[in-house]
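S.K.: Okay, sequence plus prediction incoming.
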Amino acid sequence: IAAFGNAPSAILPAVSLIGVIGAVAAYDFSLIGRVCSYTGAVSYRDAWDKTVGTDSSWLPATFKAFNCLAANLAYSMILADTFKDLFSTFGLDVSRTNALLGVSTLVILPLCLMKNLSSLAPFSLLGIAGMGYLALAMAVRYFGGDYSMPDGKFVQDVAAELQPVFGDKGASSVLHPSSFILICMLSTAYLAHFN
């Protein structure tokens, strides 16, 4: 919601966008599944071969490969920024470029080369536990009023230009181009695994 609005009335268009884009994504995924079921296909390219033709079956394979490459690059950049900040917490001065190269070669590349990802199942559970811990920590800070405006315990630690502003961008702000930030986040959130 904060991508385009900062008033309570922005909740309705934001929830509507979440629901509509989620429904479109669900329909698309079910459509792919039905096509694969009807044709006996096991991949996008195979489904394209059996429904459209083999001459252009390189199209979905190429676009899916590019999509995966772009997603890996985006996540690598996020991880590089995160690891750079984590290293600075321990007094290590690591450049963003070195963090990006290190994360890409030592973490992302080996994961991309794995044939069987079942060994990662415990880490999936660890990620879910981490999200639960984050939600709990946020709830404690929210209900404790630690960041409440204007006199919360930690509000003074946040730079003035980074402090939130409430109340002047409501439901009509969904028509502003900044609403595309939410749409882009949703399109990434609703991505399926590629095969």
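M.R.: Sure thing, it's come through. Here the structure is a predicted model, which is why all the values come from computation and not from measurement.
S.K.: Point out where this structure drops to low pLDDT.
M.R.: 1-3, 192-195 (pLDDT under 70).
S.K.: Select the longest helix from it.
M.R.: Of all segments of type helix in the chain, defined using DSSP state H, the longest is helix 58-89.
S.K.: what angle separates the helix or strand just after it from helix 58-89?
M.R.: Per DSSP states H and E, helix 58-89 leads on to helix 96-103 as the next helix or strand towards the C-terminus. Here helix 96-103 runs at an angle of 120 degrees relative to helix 58-89 (axes from the mean of the first three to the mean of the last three Cα atoms, to 10 degrees).
S.K.: Run through the helices of this structure in chain order.
M.R.: Taking DSSP H, the helices of the chain run over residues 11-39, 44-51, 58-89, 96-103, 109-112, 121-144, 179-189.
S.K.: So which of those has the densest surroundings on average?
M.R.: Stretch with highest mean neighbour count among the helices of the chain: helix 44-51 (a mean of 18; mean count of other Cβ atoms under 10 Å). No exception for glycine: its C-beta is placed from N, CA and C like everyone else's.
S.K.: Identify all contacting residues around that one.
M.R.: Applying Cβ atoms under 8 Å, 6 or more residues apart in numbering, the set of residues contacting helix 44-51 from outside is 32, 35-36, 39-41, 56-61, 64, 194-195.
S.K.: What sits closest to Leu173 if chain neighbours are left out?
M.R.: Careful, residue 173 is Ser and not Leu. In space, and not counting its chain neighbours, Ser173 is closest to Gly5: 4.3 Å by Cβ to Cβ, 6 or more residues apart in numbering.
S.K.: What's the local residue count around that neighbour?
M.R.: When neighbours are defined as other Cβ atoms under 10 Å, Gly5 has 24 of them.
S.K.: ok, it - contacts?
M.R.: Gly5 neighbours (Cβ under 8 Å, 6+ apart): Pro13, Ala14, Lys169, Gly170, Ala171, Ser173, Val174.
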